[in-house]
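In: Fold the following.
(chains A, B, C and D)
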Number of protein chains: 4
Amino acid sequence: MSTQKRIGILTSGGDCAGLNAVIRAAVHRAELTYGWSVIGLREGTQGLLRRPVDYQVMSLGMVDGAMLRLGGTVLGTTNRGEPFAYPMGDGTVRDRSDEVIGGFRELGLDALIGIGGDGSFAILRRLAQKAEIPFVGVPKTIDNDLGLTEVSVGFDTAVGVAVEALDRLQPTAASHQRVMVLEVMGRDAGHIALAAGIAGGADVILIPEIAYSIEAVAAKIRQVRSTGRNFALVVVSEAVKTLDGSGVTRAYHGGETRYGGIGSYIGDRISEATGAETRVTVLGHVQRGSPPSPRDRLIASAFGVHAVDLIAEGQFDRMVAWSNRGVHSVPLAEAIARNARVLPDDPLITTARGLGISLGD
Amino acid sequence: MSTQKRIGILTSGGDCAGLNAVIRAAVHRAELTYGWSVIGLREGTQGLLRRPVDYQVMSLGMVDGAMLRLGGTVLGTTNRGEPFAYPMGDGTVRDRSDEVIGGFRELGLDALIGIGGDGSFAILRRLAQKAEIPFVGVPKTIDNDLGLTEVSVGFDTAVGVAVEALDRLQPTAASHQRVMVLEVMGRDAGHIALAAGIAGGADVILIPEIAYSIEAVAAKIRQVRSTGRNFALVVVSEAVKTLDGSGVTRAYHGGETRYGGIGSYIGDRISEATGAETRVTVLGHVQRGSPPSPRDRLIASAFGVHAVDLIAEGQFDRMVAWSNRGVHSVPLAEAIARNARVLPDDPLITTARGLGISLGD
Amino acid sequence: MSTQKRIGILTSGGDCAGLNAVIRAAVHRAELTYGWSVIGLREGTQGLLRRPVDYQVMSLGMVDGAMLRLGGTVLGTTNRGEPFAYPMGDGTVRDRSDEVIGGFRELGLDALIGIGGDGSFAILRRLAQKAEIPFVGVPKTIDNDLGLTEVSVGFDTAVGVAVEALDRLQPTAASHQRVMVLEVMGRDAGHIALAAGIAGGADVILIPEIAYSIEAVAAKIRQVRSTGRNFALVVVSEAVKTLDGSGVTRAYHGGETRYGGIGSYIGDRISEATGAETRVTVLGHVQRGSPPSPRDRLIASAFGVHAVDLIAEGQFDRMVAWSNRGVHSVPLAEAIARNARVLPDDPLITTARGLGISLGD
Amino acid sequence: MSTQKRIGILTSGGDCAGLNAVIRAAVHRAELTYGWSVIGLREGTQGLLRRPVDYQVMSLGMVDGAMLRLGGTVLGTTNRGEPFAYPMGDGTVRDRSDEVIGGFRELGLDALIGIGGDGSFAILRRLAQKAEIPFVGVPKTIDNDLGLTEVSVGFDTAVGVAVEALDRLQPTAASHQRVMVLEVMGRDAGHIALAAGIAGGADVILIPEIAYSIEAVAAKIRQVRSTGRNFALVVVSEAVKTLDGSGVTRAYHGGETRYGGIGSYIGDRISEATGAETRVTVLGHVQRGSPPSPRDRLIASAFGVHAVDLIAEGQFDRMVAWSNRGVHSVPLAEAIARNARVLPDDPLITTARGLGISLGD
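Out: The predicted structure follows:
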């Protein structure tokens, strides 16, 4: 039904849980069903820039059950090295896309599977179009902000890590009558904070999509106290913004330089406004590196198999996607264009408000 | 917008993780948004048969964050006591539906939220129609075999427990070169086995929807060995059936009486057919009782809030349902009628086969 | 054998996992074996200062299995309010010990069980001596720096949380070739960092007892790289000190004000010295609030039972202690005097060095 | 300080969590501190019987952090193949010890580290004495029945798995008013059942060291009910015995052949005696295969380093052991002779009784 093919696979952008499960599944499908070989490319497109090209043949023997359970990516990944505007280290950038394409040709690859987010997809798609490389994308992002798919690889695990932290903070908050602030990831989208806050019993959830005011946060904490409960849990997405629209970001916090993170900043503001004792936990990369949750492994496995099927069917420039109880695919361009931030009428916003959670507005 | 209401809530059928999160969410929405009170009914409809009626008023103060994290149901539940055919203990059954309805009237309830599966819904719907009780259903079942919803409360947790068991069995299987059999729940549907088997790296998954032959299972185990791997993981759904159509069930195993469960039976057959050393784990009720996973808590919270909203909107005889990233509702009758067993063209069947997993056929 | 007694119990100082298990066990032993009642005092000695005295009778029905699994303390606790030097809020302190003792008398208590660390024990012992209150101490501290006991309640759980974080950081460190810094608790003693670092596969462990130099840390990271591994895990105890003896603490970091914590400070120093990309996780109070580990629950249960037995035997001014496979008791004064920081010849120091872990010296 | 040595290492008997952590630590110590090489022998002494001898050189590069976290043993293990009485497959046994010793000589090994339990140690010691092989033992057994050490590798993890199961059974037991029976491992000693039962909130714990009567068990369950709690948790060690001294074992149950395990048997007896609905979970090998707990990793690491140190110091025929906060060593012969079953005056027996737990007597 199909001739022998060589498929390249790479992971790009920030790592997350489930990447290895995608790779493992793709290798299984390619070898077992089609008799094709899969070539793992090192560190996104970085390995294709090196000479000799930096790659490894992924055989079935290498991709065992242990790999299914392993966080991170055995191929390595990076947030840097955009081929069309490669930072040369001296402040200048250069178009090195021809070198990347050259590396791809050198390996004699017939198609490429890229596991990434919208940023990576935009670049990989441009590369694929320039070089006429048959390309299929597999969505991964802990932020879950890719459109046209219910969920991306890595999100479920990241939410789980954040919820577990809230479960742990609740008893110590209650014992000491404190307000506990948990800073979670979410560069542009508040999905982690929203889902984790609901599932973890937060009183306040601050997300980038809804500008917060400390007054609103303080009012909620005072209301909680008025019911006789002297502690509260606050989830803060790393990129939240204040009401007046001035950006309060990880780097600046309105110009104050003494803060390591927005969590500490919010914690101090709450303390000032309410007199409450606050404590801050910054989860950081434990949200990315965890072993994949069962659901992430399931989704990743379905994605890996389906990505290879798309290549077998000659369906390119598409992204695999999850909906309902299984996998399908959508046009890559539409998925990139359709960002999935938290909308004002998101059903989970209704859920959060229904539970009495303050969103800081 | 709405007058003061009293809403009854009950859990019915086998318990699972997330029931308390539904109750907690409903109480929050009812009290905070509508100013209504929620009355918890004890042990499904059993409490409504007792005189005085066995219930508890669920106030906000009772449904704190601890309840969100707690497995089981604080209201109690039961698989017994069908009101229209109540087992009287002497082998006869009696229609006691009027007593149940009488209990409902005695409490002065305006509407009822029932958290159950298709069996419970069919009975509760009949009760609601007979007595003109405004009724809304919240789907829960670890088997995930309710139609028209992507997922029911309890499924994600049950899968997680089974996957964790596979993660634990893999290293000991490898160390001793054994075939490990894991018996999981799933009375009529194989969703737990299928999802857990894929996510847990199983070599063989046996589900009720696909009749198995020991020859096919043995062939897979021999094939695994031929690759140099001397161990295997086998997931067996409790209600699997053999190829010839004769039922091999928990109770009978083809007439052999020495087996406590289908897992032991399959383990022995594999041992006979392949000479492999086998060991069996029977997870049993740890699949039900676990603390709810973050996803189950999220879904349950959304369901609880939305169920109350449906009552506020006067939308009755409906079931809340999950699709994509949030909650909506569907006609209850359709949900009951549309069973969701694993279909031959289920995308996850394709995923499993793509990974080289044998389904015993 | 003994007359009916009323025993007070309180938790004092920073909370940790297992406190509720101690209380639960004491209530069981007191009620079931001796027919005594247990009175829970609120927030250390704070509740004894209030009028009416703030307490709750702890009956068997209240201390069920859920309490065994619950983090924190249902009695509340505090790090503040030393009775002999009570901070009056205006900068002055006052001796309020007579009021505390008055509260104790008012409740008609025959003996007191205090669950605390060395600081709390010193104060409670002074109170007990002043008022001739029969007193027994139960050691709890995540730092495990109490002498004469192998382990205190809360330590095993705190180590477990830190190890889990390292397990999660390892894959993302490897994927991005980063140095991951994990800041853990440990005000005066490095036991958490040392145990967690060994069990979690750290390359560098910095503890308060061994002054570190960034040069030594950087040398280790370079050595790791020379073996072809481009990532590293660094565990930093919150109170580590630099080689020259000048204190680098959570608050100061040598005078630099832009740091939220020592972890960020060390991360930046490593980055400067090695060029490595570093990321920081600050676990904070998730180390305290977690549900108690099985071992903490076991130890706490044994401690709670034994503390009541000591009272029954008239053995006062003693601390329950763990050694080998069970519980015994030691003189309280000796336990307070014998601090258990990490010693240079600690067997685990040998273990760490044997694994090639750098201790920064 | 020492000449270049080649050390053999093997795992023997049933696998458990932490074996790989011992191997990893030994390789680190041997290579980094002494410049020695470590040779891994396959499947206990089985690999030494094969020609060519079945072994692998363990280099530092192979024993990374992932190995520290991995359950089972990368060397493989077996319960079979006693060299002095080797089962030839035809029902006869033969002394093949000379072949094993020949394999050892062929590899040019200077010393042997054996990770095992008392049975393995007895055999390995005999081999070592016959061939004058410098031998050091590292204790591992989930049963924790080795004398002269506080704890053996694998015990803490096995207890943790059992406790987690109890945590999961409690809510479903309460929801359905059932008695949940958990069958745990423990061939000769009840340490797992005792520790897990205390830490997991069991009402009844049955261990091999204390003959049980169903009457006593039923009496406890009735007493629990009399307090208004309609569920109970029962932990059963796999090798428990009835009061009259007749063995009720996994295989026989007093001659009844329909039982797969003692758990089902006890469950049915409880149901008969009390009318309670019972459900049974058989944990099986998930107790062995789990990833090692932090404590098991710590102990295993300390053991691996110290075992190599003993060889460097010329201290042979010894077993490494744990006490208080660290590692030391004891004469191997004494450790074998001193079995550590649960004694009637075991402090944890007092703890269990103090909590009101029935031990079935």
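In: Stretch A:104-119 vs chain B: in contact?
Out: No. Judged by C-beta under 8 Å from any C-beta of the partner chain, stretch A:104-119 and chain B are separated, with a smallest distance of 13.9 Å. All C-beta spots, glycine's among them, are computed from the backbone N, C-alpha and C.
In: What are the buried residues along that stretch?
Out: A:104, A:107, A:109, A:111-118 (16 or more other C-beta atoms under 10 Å in any protein chain shown).
In: can you tell me which of those are in helices?
Out: A:104, A:118 (DSSP state H).
In: could I get the buried residues of stretch A:104-119 as TSV with distance to chain C and pLDDT?
Out: Shown next, in TSV, are these (distance: C-beta to the nearest C-beta, whole Å; pLDDT from 0 to 100):
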residue	distance to chain C	pLDDT
A:Phe104	22	97
A:Leu107	22	97
A:Leu109	22	97
A:Ala111	24	98
A:Leu112	19	98
A:Ile113	17	98
A:Gly114	16	98
A:Ile115	12	98
A:Gly116	13	97
A:Gly117	15	96
A:Asp118	19	94
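In: So which elements touch the lowest-mean-pLDDT helix or strand in chain A?
Out: Lowest mean confidence among the helices and strands of chain A (mean pLDDT, DSSP states H and E): helix A:65-69, at a mean of 90. Applying 3 or more C-beta pairs under 8 Å, 6 or more residues apart in numbering or on different chains; DSSP states H and E, one finds that helix A:65-69 contacts helix A:19-28, helix A:294-312, helix B:155-176.
In: Identify whichever of these lies nearest to chain C.
Out: Closest of these to chain C is helix A:19-28, at 7.7 Å (criterion: C-beta to the nearest C-beta).
In: And that closest one, what does it pack against?
Out: Under the contact criterion of 3+ C-beta pairs under 8 Å, 6+ apart, helix A:19-28 touches strand A:6-11, strand A:37-41, helix A:65-69, strand A:111-116, helix A:294-312, helix B:347-354.
In: Would you mind giving the ones you listed as TSV with distance to C:Ile299 added?
Out: Listed next are the helices and strands packed on helix A:19-28 as TSV, based on distance: least, C-beta to C-beta, whole Å:
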stretch	distance to C:Ile299
strand A:6-11	44
strand A:37-41	47
helix A:65-69	31
strand A:111-116	45
helix A:294-312	32
helix B:347-354	44
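In: Over to the residue in the stretch 151-300 of chain A positioned nearest to chain B. Which of the three states is it?
Out: For the stretch 151-300 of chain A and chain B, the shortest gap (C-beta to the nearest C-beta) falls at A:Gly201, measuring 3.4 Å. Taken by DSSP: H, G, I helix; E, B strand; the rest coil, the conformation at A:Gly201 corresponds to coil.
In: Run through the stretch 1-150 of chain A and note the low-pLDDT ranges.
Out: In the predicted model, the stretch 1-150 of chain A carries pLDDT under 70 at residues A:1-2.
In: circling back to that earlier point, out of the helices and strands packed on helix A:19-28, nearest to B:Thr227?
Out: Closest of these to B:Thr227 is helix A:65-69, at 12.8 Å (criterion: C-beta to C-beta).
In: how many neighbours does A:Gly228 have?
Out: 7 (other C-beta atoms under 10 Å in any protein chain shown).
In: B:Ser59 is in contact with that one, correct?
Out: No. Counting by C-beta atoms under 8 Å, A:Gly228 does not reach B:Ser59; the two are 11.9 Å apart.
In: Can you give me the domain assignment for chain A?
Out: For chain A, automatic domain parsing gives the domain ranges A:6-153+A:292-323, A:158-288+A:344-354.
In: And the strands in chain A, which stretches?
Out: Listed in chain order, the strands of chain A (DSSP state E) span A:6-11, A:37-41, A:55-58, A:86-87, A:93-94, A:111-116, A:135-139, A:179-184, A:204-206, A:232-237, A:278-282, A:318-323, A:326-331.
In: residues in contact with A:Asp110?
Out: A:Asp110 makes contact with A:5-7, A:134, A:311, according to C-beta atoms under 8 Å, 6 or more residues apart in numbering or on different chains.
In: Repeat that for A:Ile357.
Out: Contact analysis of A:Ile357 by C-beta under 8 Å, 6+ apart lists A:197-198, A:202-205.
In: so can I have JSON lines of the domains of chain A showing distance to B:Val181?
Out: Putting the domains of chain A into JSON lines (distance: least, C-beta to C-beta, whole Å) gives the following:
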{"stretch": "domain A:6-153+A:292-323", "distance to B:Val181": "16"}
{"stretch": "domain A:158-288+A:344-354", "distance to B:Val181": "28"}
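In: before we move on, the earlier item: weed out the non-buried ones from the contacts of A:Ile357.
Out: Of the members of those, the ones counted as buried by neighbours, 16+ other C-beta under 10 Å, are A:197-198, A:202-205.
In: Dump the residues you listed to TSV, plus pLDDT.
Out: TSV is the format used below for these (pLDDT from 0 to 100):
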residue	pLDDT
A:Gly197	98
A:Ile198	98
A:Ala202	98
A:Asp203	98
A:Val204	98
A:Ile205	98
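In: quick one: which of these is nearest chain C?
Out: Among the buried ones among the contacts of A:Ile357, and counting by C-beta to the nearest C-beta, the member closest to chain C is A:Ala202, at 14.3 Å.
In: which parts of the stretch 151-300 of chain A sit against chain C?
Out: A:161, A:165, A:167-177, A:180, A:257-261, A:264, A:279-286, A:288-291.
In: Show me which of the residues you listed are buried.
Out: Using 16+ other C-beta under 10 Å as the burial test, those include A:161, A:165, A:167-177, A:180, A:259-261, A:264, A:279-286, A:288-291 as buried.
In: ok, which of the residues you listed also contact chain B?
Out: The residues of these that also fall near chain B, by C-beta under 8 Å from any C-beta, are A:167, A:170.
In: quick one: the residue of the stretch 151-300 of chain A closest to chain B and C:Ile23, what's the gap?
Out: As judged by C-beta to C-beta, to the nearest Å, A:Gly201 and C:Ile23 stand 23 Å apart.
In: Mind checking which of those two has more residues around it?
Out: C:Ile23 (28 against 24).
In: burial of the nearest residue to the more buried one once chain neighbours are set aside, as a residue count?
Out: In this structure, C:Ile23 finds its nearest non-sequential neighbour in C:Ile9, 5.9 Å apart by C-beta to C-beta, 6 or more residues apart in numbering or on different chains. Neighbours of C:Ile9 under the rule other C-beta under 10 Å: 27.
In: Kindly report the same for A:Pro52.
Out: 9.
In: How about A:Glu313?
Out: As a burial measure, A:Glu313 scores 11 neighbours (other C-beta under 10 Å).
In: Let me know the pLDDT of it.
Out: A:Glu313 carries a pLDDT value of 97.
In: Correct me if wrong: A:Phe316 contacts A:Ile113.
Out: No. The criterion here is C-beta under 8 Å, and A:Phe316 misses it with A:Ile113 at 10.7 Å.
In: joint contacts of these two?
Out: Residues touching both A:Phe316 and A:Ile113 (C-beta under 8 Å, 6+ apart): A:135-136.
In: Give me the nearest residue to the residue in the stretch 251-361 of chain A that chain D sits nearest to, chain neighbours excluded.
Out: Chain D sits closest to A:Pro291 of the stretch 251-361 of chain A, with a gap of 9.3 Å, by C-beta to the nearest C-beta. Nearest-residue entry for A:Pro291: A:Gly71, 5.1 Å, with adjacent residues in sequence omitted and distances by C-beta to C-beta, 6+ apart.
In: Ok, A:Leu348 next?
Out: Leaving aside its sequence neighbours, A:Leu348 sits nearest to A:Leu194 (C-beta to C-beta, 6+ apart; 5.4 Å).
In: Hmm, A:Ile349 and the one you found touching each other?
Out: Yes. A:Leu194 is within contact range of A:Ile349, at 7.4 Å (criterion: C-beta under 8 Å).
In: overlap in contacts of these two?
Out: In contact with both A:Leu194 and A:Ile349: A:Val342, using C-beta under 8 Å, 6+ apart.
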